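Asker: My questions are about this predicted structure, shown below with the sequence.
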Amino acid sequence: MGVALVTGSSRGLGRVIARRLARDGFAVAVNGRHDDADLKTAAEGILAEGGRAAAFAADVTDRRQVGELVDAVTAVLGPIGVLVLNATGPQPEAPLSGVDWPEHLAQLDFFVRSPVLLGHAVLPGMRARGHGRIVHVGSEVADRPPPGRSAYATAKSAQAGLARAWARELAPDGITVNTVEPGFIPVERHAEVPEAERSAYQASVPAGRLGTPEDVAAAVSFFASEEAGFVTGQRLLVDGGRSLG
């Protein structure tokens, strides 16, 4: 099946995506910012299921570390055929008056700078092979920005535009670029979200439930597959119909 690099996959949504791609038959490069227990456990979980995986610590907003990451993955697992751009950072809430340019740059680092750096690192190989899959993990906030999340929503909107531009340019090279845009998907970092807030969000979802990481992983799995070879430049909302209003 080839090799898939999933950024930000030591925990949360990324870990479940990595596990799904391993079950699909990919050798998975599990990535986290730090060489910690979460990163090791994520890779070991795949190995325990009979999959192929290795752990790679790297800050994917740093040019040097991105280059070293791609070189290391290629040396250990093989050339990267699938790139899943899932890494994220803190997403502080603040009113517009409290959000200045540094706050915007912090979000753009993860959702624009990191994809650009990783794209530059993997595209030569994908182009040479005439095949590649790039999947951005976006967010519903690109279309439904809540109050207090202007920097995050702006960066996610920029990421969506970046993905569409890449899709148009890379299609002749056999490389597809698509975006999966989840609604609110509770993972470890949402442990402090009050139950009342979760319930209010769920009430706005026509499907009547909150999404799961497995729902998102299934969408990523499709875009990464051979069956999706004629699908590019698309944004797939995984939100239980919430975008319908």
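Answerer: That came through fine.
Asker: List the contacts of residue 236.
Answerer: Going by CB atoms under 8 Å, 6 or more residues apart in numbering, residue 236 touches 178-181, 219, 223. Quick note: C-beta positions are derived from backbone N, CA and C, even for glycine.
Asker: now with 6 Å?
Answerer: By CB atoms under 6 Å, 6 or more residues apart in numbering, the residues touching residue 236 are 180, 219.
Asker: is it in a bridge, and if so with what?
Answerer: For residue 236, the beta-bridge partners are residue 180 (DSSP bridges).
Asker: again, but for residue 132
Answerer: Assigned bridge partners for residue 132, using DSSP bridges, are residue 175.
Asker: Show me which helix runs longest in the protein.
Answerer: helix 150-170 (DSSP state H).
Asker: Show me how far that helix is from its chain's centre.
Answerer: Put simply, helix 150-170 sits 13 Å off its chain's centre (CA atoms, centre = their mean, to the nearest Å).
Asker: so what secondary structure elements neighbour it?
Answerer: helix 101-108, strand 175-182 (3 or more CB pairs under 6 Å, 6 or more residues apart in numbering; DSSP states H and E).
Asker: Would you indicate which residues of that helix are buried?
Answerer: 150-160, 162-164, 166-167, 170 (16 or more other CB atoms under 10 Å).
Asker: I'd like to know which helix or strand in the chain has the lowest mean pLDDT.
Answerer: Ranked by mean pLDDT, DSSP states H and E, the weakest helix or strand in the chain is helix 195-203, scoring a mean of 87.
Asker: Convert the C-alpha atoms of the helix or strand just after that helix to CSV, please.
Answerer: Per DSSP states H and E, the first helix or strand lying C-terminal to helix 195-203 is helix 213-224. Output of helix 213-224 as CSV, limited to C-alpha atoms (Å, rounded to 0.1, in the frame of the first residue of the first chain):
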residue,chain,number,x,y,z
PRO,A,213,-12.5,10.3,15.6
GLU,A,214,-13.4,7.1,13.7
ASP,A,215,-15.9,9.1,11.6
VAL,A,216,-13.1,11.5,10.5
ALA,A,217,-10.6,8.6,10.0
ALA,A,218,-13.0,6.9,7.6
ALA,A,219,-13.1,10.1,5.4
VAL,A,220,-9.3,10.4,5.4
SER,A,221,-9.1,6.7,4.5
PHE,A,222,-11.2,7.3,1.4
PHE,A,223,-9.1,10.2,0.2
ALA,A,224,-5.9,8.3,0.8
